[in-house]
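>>> Sequence first, then the predicted structure:
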Amino acid sequence: MYTYITTGTFFFLKKMKDKHPEDCMLLMQNPDTCQLWHETEGKTIFQSPRKYEAIHSSGRLEQKGFVACNHIPVREENRPVFEYTFTEQMKKIEALPGFTAFRLLRPLSNDTYIAMTIWKDEEAFKDWKQSSLFADSHSKAIQSAKSTNIFAGPSYLSVFVLDDEDEINTD
């Protein structure tokens, strides 16, 4: 399974998504940007997307909810260790209240993975971040990183809402 990501204005991307209702697409936005994600076994309709391979998936992609994307640069030689360790840690969140879906995306043209989680709402995401499970998994990741120098740079988080025009757009 592959995931292709493109950016643009909300209304342009919504029109593109609506034009292809048979495809699995997620339209997500935040105050700074809007993205359309296309998950498929085949080719994408996007002209110049960022390209990823979904190496672990759980849950069902929903058209509503809160999305958290952790962007994690990983050194080439450490990819297998990272993929195994991260996937095992993320399997533990699947039963949490408000959890909807998870995708670990391997980059096809750079070094930055995306760990995408979808939650029922922002409150469910915040509850997970305040949980002992979150603290435990992140402390293990930090210990592993210090001992193996696995990361190619700092990670960062981006958050979105899914296809909820009234949530952010006011024009």
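Structure's in. What do you need?
>>> what about Gln130, neighbour count?
9 (other CB atoms under 10 Å). For every residue, glycine as well, the C-beta is placed using N, CA and C.
>>> quick one: it from Glu41, how far?
37 Å (CB to CB, to the nearest Å).
>>> try Cys34
Here the criterion is CB to CB. By it, Cys34 lies 25 Å from Glu41.
>>> ok, the two, which is more surrounded?
Applying other CB under 10 Å to Cys34 and Glu41 shows that Cys34 carries more neighbours, namely 21 against 7.
>>> What count of nearby residues applies to the closest residue to that one other than its chain neighbours?
Once flanking residues are discounted, Cys34 sits nearest to Phe10: 4.6 Å by CB to CB, 6 or more residues apart in numbering. Phe10 has 19 neighbours, counted by other CB under 10 Å.
>>> show me what contacts Asp23?
By CB atoms under 8 Å, 6 or more residues apart in numbering, Asp23 lies in contact with 38, 40, 45.
>>> let's see 10 Å
Neighbouring residues of Asp23 by CB atoms under 10 Å, 6 or more residues apart in numbering: 16-17, 38-40, 42, 44-45.
>>> same question, Phe160
26-30, 32-35, 37, 65-69, 116, 118, 167-168.
>>> now the residues you listed: which count as buried?
26-29, 34-35, 37, 65-69, 116, 118 (16 or more other CB atoms under 10 Å).
>>> Among the residues you listed, which are located in helices?
Among these, DSSP state H puts none in helices.
>>> pLDDT and distance to Phe125 for the residues you listed - can I get that in CSV?
Compiled in CSV, those are given as follows (pLDDT from 0 to 100; distance: CB to CB, whole Å):
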residue, pLDDT, distance to Phe125
Leu26, 95, 16
Leu27, 96, 19
Met28, 96, 14
Gln29, 96, 16
Cys34, 96, 19
Gln35, 96, 17
Trp37, 96, 18
Gly65, 95, 9
Phe66, 97, 5
Val67, 96, 9
Ala68, 95, 6
Cys69, 96, 11
Met116, 94, 12
Ile118, 95, 9
